[in-house]
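1. Prediction below, plus the sequence it came from.
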Amino acid sequence: MNILLSLLLFILGPMPENTIFDFNKNSNISSWRVVDDVVMGGRSSGNFGLSKEGHSVFSGKVSLENNGGFSSVRHTFNRREVDPNNKVVLRVKGDGKKYQFRVKHDTDDAHSYITIFQTSGDWETIELTLKDLYPSFRGRTLDIPNFDHDAIEELTFLIANKKTQEFKLLIDKIELKQ
């Protein structure tokens, strides 16, 4: 078997590892965790699970009570080599609301690199270029360069639109594109 695999890799070249996460009915989502503003005393509540069709569902309610205002779901994974010119391709179906997409170069970093995307209510493919993600910490833009690293270890979807609202974001697939 190893000889056959080696021969295929020699003939075809190495296969690119472009998929970060492809959700299906059997997906192990234990590496995903919800982080809400309750960590700071807020009252928002997010949930994350799989639909019967096999898409992830990030849903809940954002509350502004007790200085709250956000809900997020994070996925930590083994270090993935990237180039700042790479694009992250999201296959999502939102509820017409704006969401943040965030990455961390290193899970120990306090700050994230973020961008905002608008959903339409339909399934759509959204392409985000890593070098366009700007640094942010606790809602403040930092005075350091946009994403310029060679790897990522965490990604986050976050909703924080400065109003009380229910939300629902379906995620089908997250990929890297050169």
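-> Structure received. Model, not experiment: these values are computed from the prediction. Numbering: from 1, shown residues only.
2. Need the single longest strand in the protein, by residues.
-> What stands out as the longest strand in the chain, according to DSSP state E, is strand 165-177.
3. Sheet partners, orientation included, of that strand?
-> Paired strands of strand 165-177, with direction, are strand 19-22 (antiparallel), strand 56-62 (antiparallel), strand 87-93 (antiparallel) (DSSP bridges).
4. And whichever helix or strand comes after the second one, how far out from the chain middle?
-> Just to be clear, that refers to strand 56-62. Later in the chain than strand 56-62, the nearest helix or strand by DSSP states H and E is strand 71-81. How far strand 71-81 lies from its chain's middle: 7 Å, per CA atoms, centre = their mean, to the nearest Å.
5. buried sites along the longest strand of the chain?
-> By 16 or more other CB atoms under 10 Å, the buried positions in strand 165-177 come out as 167, 169-176. Yep, even glycine has a C-beta here, placed from its N, CA and C like the rest.
6. Check stretch 109-122 too.
-> Buried-residue list, stretch 109-122, by 16+ other CB under 10 Å: 111-115, 117, 119.
7. of those residues, closest to D143?
-> For the buried residues of stretch 109-122, the residue nearest D143 by CB to CB is H111; the value is 11.2 Å.
8. Reformat the strands paired with strand 165-177 as JSON lines; add distance to F157 and mean neighbour count.
-> Formatted as JSON lines, those follow (distance: least, CB to CB, whole Å; neighbours: other CB atoms under 10 Å):
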{"stretch": "strand 19-22", "distance to F157": "11", "mean neighbour count": "15"}
{"stretch": "strand 56-62", "distance to F157": "6", "mean neighbour count": "21"}
{"stretch": "strand 87-93", "distance to F157": "9", "mean neighbour count": "20"}
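9. Can you tell me which of those strands is nearest to W32?
-> strand 56-62 (7.4 Å).
10. Pull that closest one out as CSV, backbone CA atoms only.
-> Backbone C-alpha positions of strand 56-62 (Å, rounded to 0.1, in the frame of the first residue of the first chain) are rendered in CSV as follows:
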residue,chain,number,x,y,z
SER,A,56,-23.2,23.2,11.2
VAL,A,57,-25.7,25.5,12.9
PHE,A,58,-24.4,28.5,14.9
SER,A,59,-27.5,30.1,16.4
GLY,A,60,-28.8,31.9,19.5
LYS,A,61,-29.6,35.4,20.8
VAL,A,62,-27.3,38.4,21.4
